[in-house]
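Engineer: Sharing a model that was predicted from the sequence below.
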Amino acid sequence: MPELVGLTIADAPEAWAEIGFAVADGAFALGGVRIALAGRERGEGIVDWELGPKADAPAVQHPNRALALDHVVLRTPYYERTRDALVASGLDLRRERDDVRDARMAFFRVGPAVLELVGAPAAEAPRLWGLVAVLPSVDDVAPALAPHLGEPRDAVQPGRRIATLRETPGISTAVAFMTPRG
């Protein structure tokens, strides 16, 4: 089963260091997934992902206290076609739902994280849209991260809390922080 081993985001490393990630040599590890920061010359947002065999990545302590990558969001105007292509590529479809915000969603286990496929009819093409990092708490966050977060709230997943990164200079992808799974 292929696993998510890397993401490439078209942002400068300094922007992610500013919100408390331990960036070194233009990248950081988040729960076994390498996040490469390629700069705006590559575009905006998440511009690439890498699936492969499980990779052993050293544990990293981030100043913002991020522990892992919970999930990555892929938005698509072609829900069935994209879902079927992901299944055909060997990804592990765990479940589907259509009861949240009138959106069709599918969830794939991709090693240490989840790929959340969201039907987005207004999207121009399938696109990796955002990511969610795990924090021990979204109500008591590290000082470097606190001014960048919106108001914490209960997540859709029972027993979990979530806070969204406010618009932050240099961060071109949607980012949220969520408490760990129970």
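Structural biologist: In hand now; what should we look at?
Engineer: my read is Gly159 is in a helix, agree?
Structural biologist: No: looking at Gly159 with DSSP: H, G, I helix; E, B strand; the rest coil, it is coil, so not inside a helix.
Engineer: Pull the number of nearby residues for it.
Structural biologist: Residues near Gly159, counting by other C-beta atoms under 10 Å, number 10. To be clear about C-beta, it is placed using only N, CA and C from the backbone, and glycine gets the same treatment.
Engineer: check contacts around it.
Structural biologist: Gly182 (C-beta atoms under 8 Å, 6 or more residues apart in numbering).
Engineer: Let me know the secondary structure of Leu117.
Structural biologist: strand.
Engineer: correct me, but it touches Arg83?
Structural biologist: Yes: using C-beta atoms under 8 Å, Leu117 makes contact with Arg83 at a distance of 5.9 Å.
Engineer: any shared contact partners between these two?
Structural biologist: Here Leu117 and Arg83 have Ala106 as joint contacts, going by C-beta under 8 Å, 6+ apart.
Engineer: which one of the two has more residues nearby?
Structural biologist: Each of Leu117 and Arg83 has its neighbours counted (other C-beta under 10 Å); Leu117 has more, 24 against 21.
Engineer: how close does the more buried one get to Val175?
Structural biologist: When C-beta to C-beta, to the nearest Å is the yardstick, Leu117 and Val175 sit 18 Å from each other.
Engineer: and what of Glu44?
Structural biologist: Glu44 is 13 Å from Val175, where distance means C-beta to C-beta.
Engineer: Repeat that for Val72.
Structural biologist: As judged by C-beta to C-beta, Val72 and Val175 stand 11 Å apart.
Engineer: Just give me how far stretch 137-154 sits from the chain centre.
Structural biologist: 17 Å (C-alpha atoms, centre = their mean, to the nearest Å).
Engineer: Sorry, wrong one. I was asking about stretch 18-33.
Structural biologist: Its chain's average C-alpha position is 13 Å from that of stretch 18-33, according to C-alpha atoms, centre = their mean.
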